[in-house]
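> Just need the structure, nothing else, for what follows:
(one chain, ligands or ions: 1)
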Amino acid sequence: MPKWKVHILFNSILIFFWVKLLLSLNLVNDYIILMIMIFFNYFLSIFPDIDHSKSPIRRIFAVILACVFTVYFFLNLSLDSILLLPAYFVLLYILFRFFPTKHRGITHKFWFSTAFSFVIATTLGIIFNFSFIYFIVYFLFILSGYLSHLFLDMF
Ligand SMILES: [Zn+2]
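This next block holds a predicted model:
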């Protein structure tokens, strides 16, 4: 089974127990926010392998970044060079996809996983106006998703 599927499967079990716990503690007051947190838990469980050129998350990010830059070029180029846009897209995709990065480098560090989860939880907290207790709960919720990846990588 590919690694990312193992992470998704493991996190499905983790999320199941998290949701059970939150429901039993009466800590679910908004199911939309819970769904968003579940999404980020899954996302963070596969995110660390972005430093591996063969991982699906790297492919997705390469497409997104290539699109963003191509749109930027589209908005800033003259009409005749717009015909080159597909070539730009392909070149950018190859650049982002195969840019050499050390596998199991910074994205597999404990301090980075904590800081990254904290930034996401804080951003979501500002968007959805969490109270402090919900901020802590959701921070731990998504952090556990990230840490499960580091944990599974030990085997
Ligand atoms: Zn990994």
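> pLDDT weak spots in the chain?
1-2, 79 (pLDDT under 70).
> At the geometric centre of this protein, which residue sits there?
Phe43 (4.0 Å; CA atoms, centre = their mean).
> Residues touching the helix or strand in which that residue is found, excluding its own?
In this structure, Phe43 is located in helix 31-46 according to DSSP states H and E. The contact list for helix 31-46 (CB atoms under 8 Å, 6 or more residues apart in numbering) reads 4, 7-8, 10-11, 14-15, 18-19, 22, 28, 55-57, 113, 116-117, 120, 124, 128, 138, 141-146, 148-149. (Glycine included, C-beta is placed from N, CA and C.)
> Any chance of a PyMOL selection covering the buried ones in those residues?
To isolate the buried subset of the contacts of helix 31-46 in PyMOL, counting by 16 or more other CB atoms under 10 Å, use the following:
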select buried, resi 4+7+10+11+14+15+18+22+55+57+113+116+117+120+124+138+141+142+143+144+145+146+148+149
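> so does stretch 55-67 get close to the ion?
No. Against the ion, stretch 55-67 shows no contacts by CB under 5 Å from the ion, the least distance being 8.1 Å.
> how close does the residue of the chain most remote from its centre sit to Tyr93?
Ranked by distance from the centre of the chain (CA atoms, centre = their mean), the top residue is Asp80, with 37.0 Å. Asp80 sits 23 Å away from Tyr93, taking CB to CB, to the nearest Å as the criterion.
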